[in-house]
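**Q** build the 3D model from these lines:
(one chain, ligands or ions: 1)
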Amino acid sequence: MWPGVALSLEIMETLYSKKSKFQQIDLYQTRHHGKMLVLDGIIQLTEFDEFTYQEMLAHLPLFAHPEPKNILVIGGGDGGILREIGRHDLVENIDFCEIDEDVIRVAKEFLPELACGFDDSRVVVHIGDGNTFVNNKTNAYDVIIVDSSDPIGPGEVLFQKPFYQGLKNALKPGGIIATQGESVFMHQAWVVTLAGITRELFPVQAYASIQVPTYPGGSIGICMGSLGPDLIRPARQISHSLQTQLKYYTPKMHAAAFVLPYFAEQMLKG
Ligand code: SAM
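**A** All right, here's what the predicted structure looks like:
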C-alpha cells in the first residue's frame, strides 16, 4: 500500500495469526497502542485511535441525514462502526454485510470494546461480498456506510464505479453514502478516482479528512455522496448525552472535516 514507507509499533505479543478464506488476519498486543488488528499486513485499527475513524465514518452521514432509520454497513468486521450507529435512537434497522466471518470472530474474542456493536438487536448480520449484497437492493436504505479494507484483496471491488452505482440504487430518496476514502497524502490516485465517481453519480458530493495517527500519513478520507441533504453541516442537533459518549465527533468537527488544504481541494476538483 505504501511503497518505501513504513510505520513501526512495538509488539509485545502475537495474540492471533491465521489465514482465513480471504486474507491473513493478525492481532497483536502493542506496547503503547493496545491491541492492533492487521489484515494482509495492513493496519486496520489500534485500540489507541480507532475512535477517530469509527466516530467520523458513522456520525458524519448519520448527522447529515435528517431521519436515518434504515442503515447498511458493508465491511467493518470489527464491529466499531456498529457500536457508533447504535448510539442513534432514530435508527430502526442495521443490515451488516462482511465478507470474512473470521474477522468478526477474532474481534469478538479479542476486541470486545468494538465487537459490542454486534450486541445491538437492530443489527442483522449477512456474511458475503458487499458488492453482491448491494446489487440485490433497491430503494432500501437512508444511509450506507462502507467500512472497507484497502483496494487490494477482497476489498478491491468496493473501490469500483459499478459498486458505487449499486450503492446509489440501494438508497432511498434523500439517502447518503459514506465510504472509506484513503488518504490525500498517500493515495492521491485513489482519492481522485473515488471523488470522480461520486461526483458523476451523486448530486451532492463531499470529501472529509480525519486524523488517524496509526494510518501511514496520519490521516484518512471519507468520501460522501448524497441524493439530497447537505453533507457538510449536521441536519440534527446532538444531544448532550450522546456528545458525552464521544471523543472526536462534535458539530464543529463535522464542518471542519470538510475543510481541506489547497492541494487537496485542487486535487478533488479533478
Ligand atoms: N479501518 C477500519 C477501522 O479503523 O476500524 C477497519 C476496516 S474493517 C476491518 C474492513 C473489513 O472489510 C474487513 O473485515 C474485510 O473483511 C471487509 N471486506 C473487505 N472486502 C469486502 C467485501 N468485498 N465485502 C464485504 N466486506 C469486505
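**Q** helices along the chain, start to end?
**A** Using DSSP state H, the helices of the chain run over 50-64, 80-85, 101-110, 112-115, 130-135, 161-170, 188-201, 240-243, 251-256, 262-269.
**Q** other SSEs contacting the fourth one?
**A** Spelled out, it's helix 112-115. helix 80-85, helix 101-110 (3 or more CB pairs under 8 Å, 6 or more residues apart in numbering; DSSP states H and E). No exception for glycine: its C-beta is placed from N, CA and C like everyone else's.
**Q** for the third one, same thing?
**A** Secondary-structure packing of helix 101-110 (3+ CB pairs under 8 Å, 6+ apart): strand 11-19, strand 24-30, strand 35-39, helix 112-115.
**Q** what about the most centrally placed residue in the chain, distance to Leu57?
**A** With distances taken as CA atoms, centre = their mean, Asp147 lies nearest the centre of the chain, 3.2 Å away. According to CB to CB, to the nearest Å, Asp147 and Leu57 sit 6 Å apart.
**Q** do Lys172 as well
**A** 20 Å.
**Q** what is the neighbour count of Glu55?
**A** Counted by other CB atoms under 10 Å, the residues lying close to Glu55 total 23.
**Q** cool, and Lys252?
**A** Neighbours of Lys252 (other CB under 10 Å): 9.
**Q** list the contacts of it.
**A** Listed by CB atoms under 8 Å, 6 or more residues apart in numbering, the contact set of Lys252 is empty.
**Q** before we move on, what about Pro66?
**A** Counted by CB under 8 Å, 6+ apart, Pro66 has contacts 174, 229, 235-236.
**Q** ok, 6 Å please
**A** Counting by CB atoms under 6 Å, 6 or more residues apart in numbering, Pro66 makes contact with Ala235.
**Q** that one and the ligand, how far apart?
**A** 27 Å (CB to the nearest ligand atom, to the nearest Å).
**Q** list phi and psi for that residue.
**A** Here is the backbone geometry of Pro66 (degrees, to the nearest 10): phi -70, psi -30.
**Q** beta partners of Ile222?
**A** Gln180, Ala208 (DSSP bridges).
**Q** now it: how far from the ligand?
**A** On the measure of CB to the nearest ligand atom, Ile222 and the ligand end up 11 Å apart.
**Q** of all the helices of the chain, which lies closest to Ile152?
**A** helix 188-201 (10.9 Å; CB to CB).
**Q** quick one: which of Lys172 and Leu57 has more around it?
**A** Leu57 (28 against 16).
**Q** which parts of this protein sit against the ligand?
**A** By CB under 6 Å from any ligand atom, the residues of the chain that approach the ligand are 44-45, 50, 53-54, 74-78, 80, 97-100, 103, 129-131, 147-149, 154-155, 157-158.
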